[in-house]
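In: Would you be able to build a 3D model of this:
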Amino acid sequence: LLFSWLAVKTGLARLPIGVTWAAVAGGGFLAGIGFSMAIFIAELALQGAMLGAAKVGILAGSVVSAAVGMSLLVVFLPKTARPLP
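Out: As a prediction, the model looks like this:
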């Protein structure tokens with residue numbers, strides 16, 4: 001989010017039409033769901049109870065990231081009409 005903001009402010013990039021900073025933040029939170037590498041590194045670095053605690057923390061962080069990201073996108077993305085089935 002920070003580097004996207006810097007790129008827009010310096011003129012290197014621009015936000016696409018219809019995309020708000022809240023939507024970019026929501027996408028950033030959704031990027032926090034990726035937990036497989038964090039678990040891999042925790043398995044290399046930790047053992048026993050510490051490894052279990054790390055896995056619970058990683059999974060909890062992923063759930064929070066998913067919930068916040070989805071909430072931001074649901075609230076701030078424009079609503080579109082859906083065709084009837």
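
In: To which secondary structure element is residue 5 assigned?
Out: helix 2-10 (DSSP states H and E).

In: mind listing what's buried in the next helix or strand after that helix?
Out: Toward the C-terminus, helix 2-10 is succeeded by helix 21-31 as the next helix or strand (DSSP H and E). For helix 21-31, burial by neighbour count (16 or more other C-beta atoms under 10 Å) applies to 23, 24, 25, 26, 28, 29, 30. Bear in mind the C-beta positions are built from the backbone N, C-alpha and C, glycine included.

In: of these, closest to residue 67?
Out: Nearest to residue 67 out of these is residue 29 (C-beta to C-beta; 8.6 Å).

In: tally of neighbours for residue 54?
Out: Neighbours of residue 54 under the rule other C-beta atoms under 10 Å: 17.

In: now swap in residue 69 and tell me
Out: Residue 69 has 19 nearby residues by other C-beta under 10 Å.

In: Kindly report the same for the one 5 residues further on.
Out: A count of nearby residues for residue 74, using other C-beta under 10 Å, gives 10.

In: Need the three-state assignment for it.
Out: Per DSSP: H, G, I helix; E, B strand; the rest coil, the secondary structure class of residue 74 is helix.
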